[in-house]
Structures are given as C-alpha cells and as structure tokens.
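In: Sequence below, structure please.
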Amino acid sequence: MRSKKSSRYYPTNLVVNLSAGAGLNTSAFSEGYIIVETNYRIMVYTDSPLKIAVVSYFSDMLYRFPNLALGMITRESIRRALMKGISTDEIIKFLRMHAHPQMRENNPVLPSTLTDQIKLWEMERERCVFADGVLYNNFLSQKDFEMLRNYASDLGVAMCSNAANKVVVVSPEGHDQVRAFWKRQKKE
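Out: Sure thing, here's the model as predicted:
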C-alpha cells in the first residue's frame with residue numbers, strides 16, 4: 001500500500017502472507033533466493049524490489065547490487081518486525097520456504113543458531129509483565145516491614161518485596177485488606 005505523497009512502498013498483510021506462502025503459491029516467490037549465514041548475514045539473490053521490501057521487514061538491508069541485496073538480522077530488526085505484528089514463526093517459515101537451493105541441501109535448512117536466537121529475541125520482549133500494584137514503604141522498623149510483608153504473603157496478594165529497602169508491593173485487590181490490617185497494627 002502506498003500513499004500518494006510517500007515515496008516508500010508498504011506491503012499490506014495480504015502481500016506479506018502471499019509471499020510467506022499463506023495463500024496461493026505464486027511462481028514469483030516459489031524459487032529459493034535467500035541465503036542466511038550463522039553470523040546473521042542475509043543474502044537475497046533477486047532484483048525484485050518487492051522481495052527485498054519483504055525481507056527488509058525483519059532485517060537491516062546494508063547493500064544493494066544489481067541482483068543481490070545484503071543485510072543483517074539484528075535484535076532491533078526482529079523487534080521492529082514483532083511490533084508490526086510479524087511473528088518469529090512467520091519469519092522462520094518465510095526463510096525456510098525461500099531458502100536458496102544450496103541451503104536446502106543442509107539439514108536443518110536454517111542454521112540452528114539463527115532460529116534459536118530469533119526465538120530468544122522474541123522471548124526477551126515477553127519476559128517483563130506489567131501489572132498494577134500498591135506500594136508500601138517508609139516503614140519505621142524492620143519488624144513492621146516483615147509483619148506487613150508476611151500478612152500480604154499469607155493473603156496471597158504480595159506481588160514483590162525488598163527487605164533491604166523495606167518495600168512491599170501488593171495487588172490492588174488485596175490493598176483494602178492490607179491497609180485495614182496496617183491501620184489496626186498502627187493503633188496498637
């Protein structure tokens with residue numbers, strides 16, 4: 001898809017799916033034209049701007065020659081692809097489907113270091129989970145901190161705690177109970 005003012009071409013999901021083999025198998029994409037090395041360098045043997053544009057969705061294109069484009073698969077290029085909605089399984093499937101005939105002689109077709117690293121980069125994005133929580137801090141003593149932390153843990157609402165900084169984070173669902181407990185304890 002291309003806007004009237006833009007000089008860039010943005011392939012639609014249909015074009016991406018067709019080139020990945022999700023739909024009809026067109027002859028333009030049926031031959032193998034991609035070589036990927038263990039150092040994440042990708043060589044695209046084609047002069048088709050569309051094929052190069054599809055590969056550039058998940059790689060950084062470095063050089064273009066008449067019948068060859070050279071690029072690198074990097075952490076950032078994979079992150080960009082993931083943000084655009086392209087999964088690592090789709091990237092790996094695309095690379096396998098369009099592997100050069102010389103690469104198809106290898107078993108496995110793609111270097112395992114490459115596929116493993118692409119999967120690791122995807123897992124990197126999913127390792128942090130954001131959740132709402134209520135922070136309790138500024139405890140007057142270690143005893144007060146431990147009492148509140150133990151109470152929240154017993155309720156199953158403690159999300160995390162740090163004894164060195166005397167900080168407890170509880171879930172919003174348990175906040176009212178923990179706050180009522182803390183008020184009772186402060187009165188005593």
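In: just for the protein, where's the confidence low?
Out: Counting by pLDDT under 70, the chain contains low-confidence residues at 1-30.
In: where exactly do the strands run in this protein?
Out: With DSSP state E as the criterion, the chain has strands at 34-36, 41-44, 60-65, 68-72, 134-136, 158-162, 167-170.
In: Now render these as JSON lines, adding mean neighbour count and distance to Trp121.
Out: In short, each C-beta sits where N, CA and C put it, glycine included. Compiled in JSON lines, these are given as follows (neighbours: other Cβ atoms under 10 Å; distance: least, Cβ to Cβ, whole Å):
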{"stretch": "strand 34-36", "mean neighbour count": "21", "distance to Trp121": "15"}
{"stretch": "strand 41-44", "mean neighbour count": "20", "distance to Trp121": "15"}
{"stretch": "strand 60-65", "mean neighbour count": "12", "distance to Trp121": "14"}
{"stretch": "strand 68-72", "mean neighbour count": "18", "distance to Trp121": "13"}
{"stretch": "strand 134-136", "mean neighbour count": "17", "distance to Trp121": "32"}
{"stretch": "strand 158-162", "mean neighbour count": "16", "distance to Trp121": "26"}
{"stretch": "strand 167-170", "mean neighbour count": "22", "distance to Trp121": "29"}
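In: Leaving out the residues flanking it, which one is nearest to the residue nearest in space to the middle of the chain?
Out: Nearest residue to the geometric centre of the chain (Cα atoms, centre = their mean): Glu122, 3.4 Å. Leaving out its chain neighbours, the residue that sits closest to Glu122 by Cβ to Cβ, 6 or more residues apart in numbering is Thr88, at 4.4 Å.
In: any idea how far the residue nearest to Ile91 when sequence neighbours are not counted lies from Arg64?
Out: Among residues not flanking Ile91 along the chain, Phe58 sits closest, at 4.9 Å (Cβ to Cβ, 6+ apart). As for Phe58, its distance to Arg64 is 17 Å (criterion: Cβ to Cβ, to the nearest Å).
In: returning to that earlier point: Lys119 is in contact with the residue nearest to Glu122, correct?
Out: Yes - look at Thr88 against Lys119 with Cβ atoms under 8 Å: they come within range, at 5.7 Å.
In: more neighbours, those two?
Out: Applying other Cβ atoms under 10 Å to Thr88 and Lys119 shows that Thr88 carries more neighbours, namely 20 against 14.
In: Next up, the contacts around the more buried one.
Out: By Cβ atoms under 8 Å, 6 or more residues apart in numbering, the contact list for Thr88 reads 78, 82, 118-119, 121-122.
In: Then Ala81?
Out: Per Cβ under 8 Å, 6+ apart, neighbours of Ala81: 57-58, 91.
In: End to end on stretch 62-75, go ahead and measure it.
Out: This stretch, stretch 62-75, spans 15 Å end to end (Cα to Cα, to the nearest Å).
In: got a list of contacts for it?
Out: Contacts of stretch 62-75 (Cβ under 8 Å, 6+ apart): 36, 40-47, 52, 55-56, 58-61, 114, 118, 121, 124.
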